[in-house]
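A.B. asks: Could you work out the structure for the sequence below:
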Amino acid sequence: MPLPAATLPPLSIVGVTASGKSSLALDLAERHGAEIVSVDSMQVYRGMDIGTAKPTRGEQARVPHHLIDLLDANEECSVAWFRDRADEVLPALAERSVPVILVGGTGLYHRAIVDRLELPGRFEQISAELESVADTASLHARLRALDPEAAARMDPANRRRIIRALEVTIGSGRPFSSYGPGLEVYPLSSTVIVGLAVQRAQLEDRLTTRFDAQLAAGFVEEVRRIEASTGWSRTAAQALGYRELLDHVRDGRPLAECRSDAIVHIRRFAVRQDRWFRRDPRIVWFDATSPHLLEQVSAHWQKAGERDDDGSLP
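C.D. replies: Numbering: from 1, shown residues only. Coordinates of the predicted model:
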């Protein structure tokens with residue numbers, strides 16, 4: 001028998017795109033009376049439905065969903081903004097003793113919510129100035145002088161991270177390292193985190209099949225509709241699938257070429273997703289193709305709710 005809602009800790013379902021996270025979340029939510037909180041950087045956009053595999057109206061009628069359809073496609077989205085919206089939703093669900101299922105594949109957004117990351121602001125002008133410096137070694141040396149702890153934590157060749165650390169340190173007047181131990185540290189969490197694992201060959205087939213199904217469902221028309229109405233913010237225009245189809249809609253590039261590029265880019269993104277999540281030792285992995293997946297994850301979640309007196313997870 002399912003545990004009372006109040007005893008179930010938050011559950012987060014992660015994994016690569018097309019691994020079946022949303023379907024599992026729906027089934028679990030119906031079984032346990034939970035509500036779903038989307039952790040997807042693109043499902044926040046109204047009208048971007050097909051290409052983001054957003055829950056359908058029917059699925060949203062089955063289970064309440066949160067943190068989708070919050071912005072128009074011409075508005076910017078950031079991880080800090082998203083975390084602030086989660087800070088509005090999650091306490092309200094806790095007050096009602098509603099079990100929460102976080103589901104999505106945007107790794108940084110997941111960490112921001114689960115680990116309550118303190119997120120520094122953006123300083124675009126400083127970032128642009130740093131980007132103009134070609135010598136990454138000199139940038140790392142500058143960071144070492146300003147924030148030795150941050151410099152020691154990162155690969156001297158990781159240009160993107162070095163520039164971000166310098167941007168924050170210079171722009172905020174506060175060392176980048178003071179914002180926390182960084183993404184390499186995985187603290188204890190009250191959230192139960194499960195991952196859905198898919199074999200590489202199976203995943204490639206899933207990704208191709210899903211993208212072709214999205215095209216058949218009107219993906220190109222969705223892109224054309226947004227292009228003609230609101231247009232695109234920098235963040236929305238980077239959405240995989242959308243940015244490739246924009247070449248077709250705007251410039252008339254052959255759809256077959258755009259399709260091929262999109263599938264390649266989505267496959268590469270899935271590899272990066274898998275590497276991101278595999279680094280987190282807190283994630284318990286389940287075979288996404290198991291016929292008993294629902295029962296396995298449900299039992300794992302319920303067991304996590306059977307806390308010891310000191311509040312630790314079994």
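A.B. asks: which residues of this protein score low on pLDDT?
C.D. replies: Across the chain, residues meeting the criterion (pLDDT under 70) sit at 1-6, 307-314.
A.B. asks: May I see the domains of it written out as residue ranges?
C.D. replies: Following automatic domain parsing, one gets these domains for the chain: 5-117+191-305, 124-179.
A.B. asks: now the residue nearest to Gly231 when sequence neighbours are not counted: how far from Gly107?
C.D. replies: Once its chain neighbours are removed from consideration, Gly231 has its nearest residue in Asn74; the separation is 4.8 Å (CB to CB, 6 or more residues apart in numbering). (C-beta placed from N, C-alpha, C; glycine too.) As defined by CB to CB, to the nearest Å, Asn74 lies at a distance of 25 Å from Gly107.
A.B. asks: okay, those two: which has more neighbours?
C.D. replies: Gly107 (19 against 15; other CB atoms under 10 Å).
A.B. asks: From Ser127, how far out is the residue nearest the centre of the chain?
C.D. replies: With distances taken as CA atoms, centre = their mean, the chain has Thr106 as the residue nearest its mean C-alpha position (1.1 Å). When distances are taken as CB to CB, Thr106 and Ser127 turn out to be 21 Å apart.
A.B. asks: Please render the domains of the chain as CSV that adds distance to Val185 to the earlier fields.
C.D. replies: Formatted as CSV, the domains of the chain follow (distance: least, CB to CB, whole Å):
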stretch, distance to Val185
domain 5-117+191-305, 9
domain 124-179, 10
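A.B. asks: which of these is buried the deepest?
C.D. replies: Per-residue neighbour counts averaged over each of the domains of the chain give the maximum for domain 5-117+191-305, namely a mean of 18 (mean count of other CB atoms under 10 Å).
A.B. asks: Run the chain-centre distance for it.
C.D. replies: Mean C-alpha position of domain 5-117+191-305 versus that of the full chain (CA atoms, centre = their mean, to the nearest Å) differs by 7 Å.
A.B. asks: which residues of this protein fall in helices?
C.D. replies: According to DSSP state H, the chain carries its helices in the segments 21-32, 57-62, 79-95, 107-114, 124-131, 136-146, 148-153, 159-172, 200-216, 219-228, 242-251, 255-278, 293-305.
A.B. asks: Contacts only, for Tyr186.
C.D. replies: Neighbouring residues of Tyr186 by CB atoms under 8 Å, 6 or more residues apart in numbering: 115, 280-282.
A.B. asks: could you redo the last one with a cut-off of 10 Å?
C.D. replies: Contact analysis of Tyr186 by CB atoms under 10 Å, 6 or more residues apart in numbering lists 111, 114-115, 193, 279-283.
A.B. asks: same deal with Leu24?
C.D. replies: Leu24 sits in contact with 13, 15, 101, 103, 194, 196, 286, 288, 293-294, 297-298, where contact means CB under 10 Å, 6+ apart.
A.B. asks: Apply 6 Å and report the result again.
C.D. replies: Residues near Leu24 by CB atoms under 6 Å, 6 or more residues apart in numbering: none.
A.B. asks: measure it to Ala256 for me?
C.D. replies: 33 Å.
A.B. asks: likewise Ile126?
C.D. replies: Noted for Ile126: a distance of 42 Å to Ala256, by CB to CB.
A.B. asks: now swap in Val16 and tell me
C.D. replies: Using CB to CB, one gets 25 Å for the distance from Val16 to Ala256.
A.B. asks: Repeat that for Gln43.
C.D. replies: With distances defined as CB to CB, the gap from Gln43 to Ala256 amounts to 27 Å.
A.B. asks: ok, now Val198?
C.D. replies: Here the criterion is CB to CB. By it, Val198 lies 26 Å from Ala256.
A.B. asks: can you check Glu244 too?
C.D. replies: Taking CB to CB as the measure, Glu244 and Ala256 are separated by 11 Å.
A.B. asks: ok, back up a step: contacts only, for the residue nearest to Gly231.
C.D. replies: For Asn74, the set of contacting residues under the criterion of CB under 6 Å, 6+ apart consists of 230-231, 233.
A.B. asks: Could you point out which of those residues is nearest to Arg250?
C.D. replies: Gly231 (11.1 Å; CB to CB).
A.B. asks: next one: phi and psi at the closest one?
C.D. replies: Comment: the main-chain dihedrals of Gly231 come out as phi 80, psi -170, following degrees, to the nearest 10.
A.B. asks: Gln43 is in contact with Leu70, correct?
C.D. replies: No - distance between Leu70 and Gln43: 9.0 Å, which falls outside the contact criterion (CB atoms under 6 Å).
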